[in-house]
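>>> sequence-free structure coming up:
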């Protein structure tokens, strides 16, 4: 069974019922996959305008399918009026953590950063030595 992650940015003007219907339509495009997890991230402001919209409603689906993705799936997503953008990822079966959202800041806070390392004596000496660069002589043009 293959694991996929689909993130949709939907038009903010859609009502809840329309949004749920659109998500179920997208699932139908895939042939009724097994939905492992469905997250509604809510409405957020976009960094730039997409299809004359300044905000979008984010939805994430974690899916598992036995068959391959239909060839026209991406084309259907692109041409659908209610979908502003999408991101469709194939995930590794052993990967349990979500690939996006606010997990990165937590992981970075728990790990010591590379800049926090104490430099060794060699690194200190190398940093204190000035580097010499050869200067090329300037040639004067003669008429």
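Cool, got the structure. These numbers were taken from a predicted model, which means no experiment stands behind them.
>>> After the helix ranked longest in the chain, which helix or strand is next? Please name it.
Using DSSP state H to define each element, the chain has its longest helix at helix 16-30. Next along the chain after helix 16-30, taking DSSP states H and E as the criterion, comes strand 34-50.
>>> Tell me the pLDDT of the nearest residue to residue 69 once chain neighbours are set aside.
Once flanking residues are discounted, residue 69 sits nearest to residue 30: 6.8 Å by C-beta to C-beta, 6 or more residues apart in numbering. Just so you know, the C-beta spots here come from the backbone N, C-alpha and C atoms, and that holds for glycine as well. On the pLDDT scale, residue 30 is placed at 87.
>>> For residue 57, give the beta-bridge partners.
residue 10, residue 43 (DSSP bridges).
>>> how close does residue 58 sit to residue 78?
In this structure, residue 58 and residue 78 are 18 Å apart, going by C-beta to C-beta, to the nearest Å.
>>> out of those two, which sits in the busier spot?
Neighbours per residue, other C-beta atoms under 10 Å: of residue 58 and residue 78, the larger number sits with residue 58, 17 against 10.
>>> Help me confirm that that one comes into contact with residue 12.
No. The criterion here is C-beta atoms under 8 Å, and residue 58 misses it with residue 12 at 10.3 Å.
>>> In contact with the residue nearest to residue 69: list those residues for me.
Counting by C-beta atoms under 8 Å, 6 or more residues apart in numbering, residue 30 touches 63, 65, 69, 70, 73.
>>> tell me the secondary structure for residue 90?
strand (DSSP: H, G, I helix; E, B strand; the rest coil).
>>> Apart from its chain neighbours, what residue comes closest to it?
Sequence neighbours aside, residue 4 is the residue nearest to residue 90 in space, at 5.6 Å (criterion: C-beta to C-beta, 6+ apart).
>>> any idea how far that neighbour lies from residue 25?
Residue 4 is 17 Å from residue 25, by C-beta to C-beta.
>>> More neighbours: which of those two?
With neighbours defined as other C-beta under 10 Å, residue 4 and residue 25 compare such that residue 4 has more, 17 against 13.
>>> Tell me the pLDDT of the more buried one.
In this model, residue 4 is scored at 89, pLDDT.
>>> who touches both of residue 58 and residue 12?
residue 43.
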